[in-house]
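Q: Just to be clear, the model below is a prediction. Sequence and coordinates:
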Amino acid sequence: MESPIKKTINGIDVYYIISNKFKTVTWSLNFMHEAGVSNINEYYFLSNILLDNMKHYPSNEKKYRYLSYLYGLEAFGSAKSLGKNIVNQFVVTYPNELYIKGENDLSVNAFKFLIDIIMNPKMRNGNFTKKVLNDSFEEANQLFGILKSIKDMHAYYNYTKVFYQDKSGLEYNFPEKELLEKVNLETLLKAYKDFFEKDKISIFVTGNIDVDKFDNIIKDNLPSVFEDRNIDVARKDFNHNFEYIPKVIKEYYNVSQSRVFVGYLTNAKYLSNKHAAASVFNDIFGGFDQSLLFNTIREELNLAYYVDSHYLPDEQLVTVSVSCEVKNEDMVVEKIKSILKDIKDGNFTDQIFNQAKDSCVNSLYSINDSQTSYLLQHIKNYQLNNEKYDLETRIKAYQSVTKEDVIRIANNLVLDTVYIYTKKGDQLANSKSSK
Amino acid sequence: MINLQILKALNDEITYVETLESGLTVAIHPKLKYQRTLVTLQVNFGGMDIKYEVNNQTKTIPSGVAHFLEHSLFQNNGRNLTEEFAEYGARINAFTTKSITAYTFECRNDFEHLITYFLSSFIKPDFSKAAIEKEKKIIKHELSMSEDSVHTKIYQKLKQMMYTDCAIRCDVGGTVTDVNKTDQAVLNDVFDTFYHPKNMSLIITGNLDYLKTFELLRNHIYNQHAWPTYSEVKRIQDNQPRILHNYTRKVEDVEENIINIGIKIPEEYFNKYSREYIHIAIHSIIGNTFGLGSKNYDYLDKRKMMNISFSAKSTVERDYGFINIYMQSKQPDKYLKEIMTIIRNIKDKPLDEHLFTINKRAISGNYIRLFDSLGRTHEFISNCLTEEVSIDNYLNNILKLDIKDLDPMKQIFEDKNIFTIKYLKR
């Protein structure tokens, strides 16, 4: 894929990522908010409200039929954390008109629809209606209900709550249950106004596109209320302290298998010079099918069917997840610790080290095979670092990781959380306790 | 004689298909701009194949054998497939459904070595007792994981209400008792019966030279092997009529009342119509009746009878199928009354012609876009081979469908085929 082309159109940064490999065109309109948690739920709600309450499409029937007319155009909104900031992203994606005989206006109609989502929500007397807000509360509650009914998700959600309980700033999960009561029509409208009055706005377009044509589509349809502003992007920086006393929590539910989560804090941050080594470490630890955790806990000891680890660089977090029999949960935790000690001591073979590096490099290359992954990497990198995502440089960074780098990462891990979602006896099912 | 078929899914999306001398059907879909190559070897043997007739002999095997064999083939002849593939930075995996077993791998380099090694693992396996005992433990862990899912329990219950034969109602992984019964003899016997190249297909998608690959496969020991004559397998099922159509249970581990409706596609439809037609027709009717663009969706939404938990999906396997409509609701009885009225009306009321027509534009657009994903392209071709759908006519078959063509499938929406489950919050 070619390098992104950056332009400024009507004062807004526009990035074109051109590729003749894909048959899809995707637009992403991004609003980056100032750092902070205060409006987290409002921004989350708005990502759905704006899509589901469009003035010109008062019913699902009308909207869906129009989207079908646009060859199944998909539109979606999200609110995600980026460092200590939140970004609202609105995306439309559709087949490139180059592949549809006699179709020339699909891209202009798609962009108009995207703008319509932001500019024309259903309102009464200049504000969202009570019904819209109540529907959002109801949906959030349904979401928590669904979450609770899926044990693996619920256990992971609870684990993240424990991990973040002594860390300031944004958590990983939205919406934030504890702040829901603070949301009202006034705060919702204020958050909506932030889109136009406070936010940094950017547009990303990807596909096999003619830049001149797309320049004109943007020039002709971008509302004048869109103004670009500079926002300070604050990265998360959790206190990495070797003296930290880990949180150890057991909670009791009606389950037949225990879910064990062990969370380690790293000092390897996103795209730092330790990022690549931390990824390779994670693969050796539990990140691929030859990992030490998998081969020991599942294959050798048959303690679990499912065991893995994953590294979230934005959160400075390495999490081990295991699903095992209740009687084995303490043994599993001890085994995880002893496997980490092996890596700290350099007790792993060159073979697994090289396989882990290959596995990481192959995962990076596969970003090239997905238009969405490639786009998201660019969006994130431009927003965080104001530069393109350079895949070749990333690959070189992984290729130059040494065993010593991996050992150093392992020795810098701080055990932060041990969370066990388990059962005790029927009389205690659904009760909670901590130790 | 080489008989290479060239099938165009789109003008620039071409699949090459050949049946090798051994009987193995091979489909190669080159995607030269992509980094990876995906490979799937699929066997026409799945979780529902537990009673069958072969060479005039009727055989019954424990449930879950297809899945057990899938696990066991990763370690046979003293070789470990996962380890071997990891050496080359490749990943190998497998899954079993009710109809098929599939072995998949993806790689970026060393494709020729890997495909050679991969295929040679399916000629004559040798399972050690120790490996079988180890897999038993792992599979039992796997089975117990689903015990914690209320959704799996409801899904299983729904199947048990609709069908009497374990071939359909039992889990793909089988029961713990049956897993314990599985041994070397059973595994060898089903391997010999089902893992014949004539009963299998190989699908390859990605960055590769198709001519060179066909050449490699034609000369491969797997293709050159002296395979015995393939004996056709006749599957046997015995599903008795069901009496229990409605089931209610009060449980503690749900946050909200769950309502699940199953609409069974009668067995005779699978003799009368192709699996492709059943799939397309059911999908069209569901979209027309419950989809976002339907009048019913907005009707239910306005009455607070629709929320994010709603789903309407279909399962269409080799010999059976059903529709599964799921919803969590604060007002289960009111919801059930409304949705049942809609379902019962499908049979006699005309479908929405405007929605049917405009949906075809969405289908065309989604079809073009599916080829942007290596995984989805690969899945599409694999499904076409499994379901005997022509790759180059798939889209046209949908676009030329008339709304009247759906009439036979509308007839299934009657009480004798409808089953409901309510899991109420205690």
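A: Ah, there it is.

Q: shaky segments in the stretch 1-150 of chain B?
A: Along the stretch 1-150 of chain B, segments meeting pLDDT under 70 span B:1.

Q: which residue packs closest to the residue in the stretch 101-250 of chain B that chain A sits nearest to, ignoring adjacent ones?
A: Here the stretch 101-250 of chain B gets closest to chain A at one residue, B:H141, 3.6 Å apart by CB to the nearest CB. Using the backbone N, CA and C atoms, a C-beta is placed for each residue, glycine as well. Sequence neighbours aside, A:Y305 is the residue nearest to B:H141 in space, at 3.6 Å (criterion: CB to CB, 6 or more residues apart in numbering or on different chains).

Q: same deal with B:R275?
A: B:E387 (4.8 Å).

Q: burial count for that neighbour?
A: When neighbours are defined as other CB atoms under 10 Å in any protein chain shown, B:E387 has 17 of them.

Q: buried ones in the biggest helix by length in chain A?
A: Counting residues, the longest helix found in chain A (DSSP state H) is helix A:130-149. Neighbour counts over helix A:130-149 (16 or more other CB atoms under 10 Å in any protein chain shown) mark A:132-133, A:135-136, A:139-149 as buried.

Q: Any regions of the stretch 1-150 of chain A where pLDDT drops low?
A: Residue ranges of the stretch 1-150 of chain A with pLDDT under 70: A:1.

Q: Show the residue spans covered by the helices in it.
A: Secondary structure of the stretch 1-150 of chain A (DSSP state H, counting those that start in this stretch): helices at A:40-52, A:60-69, A:106-119, A:130-149.

Q: Name the surrounding residues that touch stretch B:3-21.
A: Applying CB atoms under 8 Å, 6 or more residues apart in numbering or on different chains, the external contacts of stretch B:3-21 come out as A:99, B:2, B:25-30, B:197, B:210, B:214, B:217-218, B:223, B:368, B:371, B:377, B:380-381, B:390-392, B:394-395.

Q: Now go through those residues and say which are in helices.
A: Here DSSP H is the test, and the contacts of stretch B:3-21 give B:210, B:214, B:217-218, B:223, B:368, B:377, B:380-381, B:394-395 as lying in helices.

Q: Out of those, flag the one nearest to A:V183.
A: Nearest to A:V183 among the ones in helices among the contacts of stretch B:3-21, counting by CB to CB, is B:I368 at 40.4 Å.

Q: contacting residues around B:L73?
A: B:81, B:94, B:103, B:121-122, B:125.

Q: Which members of those residues occur in strands, if any?
A: B:94, B:103 (DSSP state E).

Q: quick one: which of the contacts of B:L73 is nearest B:G293?
A: For these, the nearest to B:G293 is B:A94 (37.9 Å; CB to CB).

Q: wouldn't the closest one be in contact with B:F118 here?
A: No - if you go by CB atoms under 8 Å, B:A94 and B:F118 don't touch, sitting 11.3 Å apart.

Q: Which of the helices or strands spans A:V332?
A: helix A:329-344 (DSSP states H and E).

Q: In PDB, list the C-alpha atoms belonging to the very next helix or strand once past that helix.
A: Going down the chain from helix A:329-344, the next helix or strand is helix A:350-366, by DSSP H and E. Output in PDB follows, covering the C-alpha atoms of helix A:350-366 (Å, rounded to 0.1, in the frame of the first residue of the first chain):
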ATOM      1  CA  ASP A 350      16.400 -20.500  21.000                       C
ATOM      2  CA  GLN A 351      13.800 -22.400  19.100                       C
ATOM      3  CA  ILE A 352      10.800 -20.900  21.000                       C
ATOM      4  CA  PHE A 353      12.500 -17.500  20.900                       C
ATOM      5  CA  ASN A 354      12.800 -17.600  17.100                       C
ATOM      6  CA  GLN A 355       9.300 -19.000  16.600                       C
ATOM      7  CA  ALA A 356       7.900 -16.200  18.800                       C
ATOM      8  CA  LYS A 357       9.700 -13.600  16.700                       C
ATOM      9  CA  ASP A 358       8.500 -15.200  13.500                       C
ATOM     10  CA  SER A 359       5.000 -15.300  14.900                       C
ATOM     11  CA  CYS A 360       5.100 -11.600  15.800                       C
ATOM     12  CA  VAL A 361       6.600 -10.600  12.400                       C
ATOM     13  CA  ASN A 362       3.900 -12.600  10.500                       C
ATOM     14  CA  SER A 363       1.200 -10.900  12.600                       C
ATOM     15  CA  LEU A 364       2.600  -7.600  11.600                       C
ATOM     16  CA  TYR A 365       2.700  -8.500   7.900                       C
ATOM     17  CA  SER A 366      -0.900  -9.600   8.100                       C
END
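
Q: what comes into contact with the helix or strand that comes right after helix A:350-366?
A: Toward the C-terminus, helix A:350-366 is succeeded by helix A:371-385 as the next helix or strand (DSSP H and E). Under the contact criterion CB under 8 Å, 6+ apart, helix A:371-385 has outside partners A:1, A:4, A:13, A:15, A:17, A:19, A:21-22, A:24, A:26, A:28, A:30, A:32, A:82-83, A:87, A:89, A:200, A:202, A:204, A:206-207, A:233, A:235, A:270-271, A:366-368, A:387-389, A:391, B:372.

Q: make it 7 Å
A: With CB atoms under 7 Å, 6 or more residues apart in numbering or on different chains as the test, helix A:371-385 has contacts from A:1, A:4, A:15, A:17, A:22, A:24, A:26, A:28, A:30, A:32, A:82-83, A:87, A:204, A:206, A:233, A:367-368, A:387-389, B:372.

Q: Please flag which of the residues you listed sit within strands.
A: Those of the contacts of helix A:371-385 lying in strands (DSSP E): A:15, A:17, A:24, A:26, A:28, A:30, A:32, A:82, A:87, A:204, A:206.

Q: Quick check: which of those residues are also close to chain B?
A: Subset of the ones in strands among the contacts of helix A:371-385 in contact with chain B: A:T24, counting by CB under 7 Å from any CB of the partner chain.

Q: Quick one: which of the ones in strands among the contacts of helix A:371-385 is the most crowded by neighbours?
A: Going by other CB under 10 Å, A:T206 tops these with 25 neighbours.

Q: and it, what is it in contact with?
A: A:17, A:19, A:26, A:371, A:375.

Q: follow-up on the earlier one: find the pair from the ones in helices among the contacts of stretch B:3-21 with maximum spatial separation.
A: Maximum pairwise distance in the ones in helices among the contacts of stretch B:3-21, criterion CB to CB, is 34.9 Å, between B:N223 and B:I368.

Q: what about the residue of the stretch 251-400 of chain B found nearest chain A, how many neighbours?
A: Chain A sits closest to B:G365 of the stretch 251-400 of chain B, with a gap of 2.9 Å, by CB to the nearest CB. Neighbours of B:G365 under the rule other CB under 10 Å: 28.
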